[in-house]
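> Return a 3D structure for these sequence lines:
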Amino acid sequence: MSSDKVRVRIAPSPTGAMHLGLARTALYNWLFARQNQGVFILRIDDTDAVRNQPEMLEPILSGLRWLGLFWDEGPEKGGPYAPYYQSQRKDIYARAVSRLVESGAAYKDYATAEEVAAEREQARQEIRTFRYSRRWMAETQADCLRFEAEGRKPVVRLKMPLEGKLIIDDLIRGRVEFDLSLEQDHIIQRQDGSFLYHLTSAVDDAEMRITHIIRAEEHLSNTPRQVFILQALGYPLPKFAHLPYVAEPGTKNKLSKRKLKEYVKKADFAELMQRGERIARRLGLNTTPELFNPVVIDFYQKTGFLPEALINYLALLGWSYDDRTEFFSQKELIRAFSLSRVVRSAAGFDPQRLLAFQVHYIMELPVEKRVELVLPYLIKAGIISAPVEPAVMEMVTRIVSAAGDRIKLAGDILDYEYFFIADEQLTWDEKALSRWLGRKQQKEILRAARAVLAATASFAVADLKTVLEDFIARQQIKGMELSQVLRVAVTGRDYGFGINEVLSILGKERVIKRIDRVLSK
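Alright, predicted model coming up:
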């Protein structure tokens, strides 16, 4: 395109939740625009009335905003080439179709679906590539009248070349060659007058002066027909860059929102999914798999991932700066990113690596910031109330500090509900209770520990450490055994952070009450 300023776009369809692959495509476009002082455009491909779900648009907009990928032109922003919803640009497409038909680059076709299917079946039987015969192509107005007299209704098809080659210099894949004899006469306008993707995308790219089309590799096969449309309409061509798709964990197959049953068989994916579901259930969120799973952005936004972590991970999902550098701020990514270092092969989604990025970023934050992140989850789950009282704030701060990287996502704070509930409402995991307090000897240890704790004046962590170490030595028991006996008694679970911290946060009165309750069972 003849433009001094770089202009790139993404054009999502509101047909489902925002996929990780779309987020990465948006990120690469955004980085390329920012690096070149260009324009990042959001265009909504909502021409498919059957598949469009208007309620799916907001999660896309919200996801982009959450990731910090703010658009310069598009919905909510406007711009010089508005409207940015394809459903509102029908007049533009109609004029383009008329020009294509008038120039001979497209034609009205009156074949029925059954007639085209019969030609396709004949080609299959003859073991040859199907290409429509153009038998019902209207070449004159008289042809149109004759076909319409038979009760036929037309579609509009591209009149693709029957031979020749198209060569493009893809910014990622290099020289790509297409055999035009294999191209179909694709429909660009249906019988009902609606327009199809090949036309709308090409026309909008031209009308909006897009200079670089950076998109997923599954669109590579669309390139010949879109180039044909642009050339037929007299538009200069943009530069193309086709990104490798995001692959399933451990394979080269494309990551899909519809294959969750397969993915959860893999331990890493299942762990991430279960962590998210645990948080979502406590918050009362919709956990319908199609809308809530690690393949879609909403999952990360709602469970408490940091957008910086996801951005950093997505940037490296198909691109690298060198073989050493892993962590990038947004500004560093803008400086370092280049299409020339995007790989051609599929980039596999690795849940464990993503979680490692999340832990890195959340642990870089001071405790006060981490507390700010977790408070909304406690409030939404009804565990604490807003405004947060100073005593509750202190408890949350102590929990976050003691838990450290056990709180990987902000929503993980909900695993520590036992600190906030009334002592008489504490419940015990039956397996944990049986394992650590199921034998007479274990209850005797707990009774003896209760007596020592009741006589302990200070419940400061350091003082508890001294008291319990002395108790272990006198009782000649293992530290692990005492820790677990006490942990199950006062939290109802057999996992968590250090027992000295747990006891200190609960305080003497609550610890004794909880021990007494479990001993009375």
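
> in stretch 272-283, what's buried?
When burial is assessed from 16 or more other C-beta atoms under 10 Å, stretch 272-283 yields the following buried residues: 272-273, 275-277, 279-280, 282-283. Just so you know, the C-beta spots here come from the backbone N, C-alpha and C atoms, and that holds for glycine as well.

> likewise stretch 505-514?
Within stretch 505-514, the residues that qualify as buried are 505-506, 508, 510-514, counting by 16+ other C-beta under 10 Å.

> quick one: which of those residues sit in helices?
Applying DSSP state H to these, the entries found in helices are 505-506, 508, 510-514.

> how about the residues you listed in JSON lines, adding distance to L199 and pLDDT?
Conversion of these to JSON lines gives the following (distance: C-beta to C-beta, whole Å; pLDDT from 0 to 100):
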{"residue": "I505", "distance to L199": "63", "pLDDT": "98"}
{"residue": "L506", "distance to L199": "66", "pLDDT": "98"}
{"residue": "K508", "distance to L199": "74", "pLDDT": "98"}
{"residue": "R510", "distance to L199": "68", "pLDDT": "98"}
{"residue": "V511", "distance to L199": "71", "pLDDT": "98"}
{"residue": "I512", "distance to L199": "75", "pLDDT": "98"}
{"residue": "K513", "distance to L199": "72", "pLDDT": "98"}
{"residue": "R514", "distance to L199": "69", "pLDDT": "98"}
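
> so which of those residues comes closest to V488?
Relative to V488, the closest of those is R514; by C-beta to C-beta it sits at 10.1 Å.

> Setting aside sequence neighbours, what's the nearest residue to the closest one?
Once flanking residues are discounted, R514 sits nearest to V490: 4.5 Å by C-beta to C-beta, 6 or more residues apart in numbering.

> Please look at that neighbour and E509 and confirm they touch.
No. Here V490 does not reach E509: they are 11.8 Å apart, not a contact under C-beta atoms under 8 Å.

> Which stretches in the chain count as strands?
Secondary structure of the chain (DSSP state E): strands located at 7-10, 39-42, 106-109, 137-138, 155-158, 165-170, 174-179, 187-189, 212-216, 239-243, 246-247, 347-348.

> okay, the ones you listed in a markdown table with mean neighbour count next?
As requested, the strands of the chain are exported to a markdown table (neighbours: other C-beta atoms under 10 Å):
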| stretch | mean neighbour count |
| --- | --- |
| strand 7-10 | 25 |
| strand 39-42 | 24 |
| strand 106-109 | 22 |
| strand 137-138 | 18 |
| strand 155-158 | 22 |
| strand 165-170 | 14 |
| strand 174-179 | 12 |
| strand 187-189 | 22 |
| strand 212-216 | 22 |
| strand 239-243 | 22 |
| strand 246-247 | 22 |
| strand 347-348 | 19 |
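
> Quick one: closest of the ones you listed to F471.
That would be strand 347-348 among the strands of the chain, by C-beta to C-beta, at 50.3 Å.

> Figure out how far that closest one is from the centre of its chain.
14 Å (C-alpha atoms, centre = their mean, to the nearest Å).

> Parallel or antiparallel, list what pairs with that strand.
strand 246-247 (parallel) (DSSP bridges).

> pLDDT of the partner strand, averaged?
Looking at strand 246-247 alone, the average pLDDT works out to 93.

> Domain boundaries for the chain, per the record?
Domain ranges of the chain: 90-243, 260-419, 423-519, per automatic domain parsing.

> Could you work out the end-to-end span of the shortest one for me?
What that stands for is domain 423-519. With C-alpha to C-alpha, to the nearest Å as the measure, domain 423-519 spans 14 Å from end to end.

> mind checking how far that domain is from the chain centre?
Here domain 423-519 is found 42 Å from its chain centre; the criterion is C-alpha atoms, centre = their mean.

> Next one: Q226 from A33, what distance?
Plainly put, Q226 is 21 Å away from A33 if you go by C-beta to C-beta, to the nearest Å.

> same thing with F228?
Plainly put, F228 is 27 Å away from A33 if you go by C-beta to C-beta.

> thinking again about what came up before, got the strands of the chain as TSV, with distance to Y321 columns?
Below are the strands of the chain laid out as TSV (distance: least, C-beta to C-beta, whole Å):
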stretch	distance to Y321
strand 7-10	20
strand 39-42	21
strand 106-109	45
strand 137-138	53
strand 155-158	41
strand 165-170	21
strand 174-179	21
strand 187-189	41
strand 212-216	18
strand 239-243	17
strand 246-247	19
strand 347-348	15
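
> Mind telling me which of those strands the model trusts least?
By mean pLDDT, the lowest-scoring of the strands of the chain turns out to be strand 347-348, with a mean of 90.
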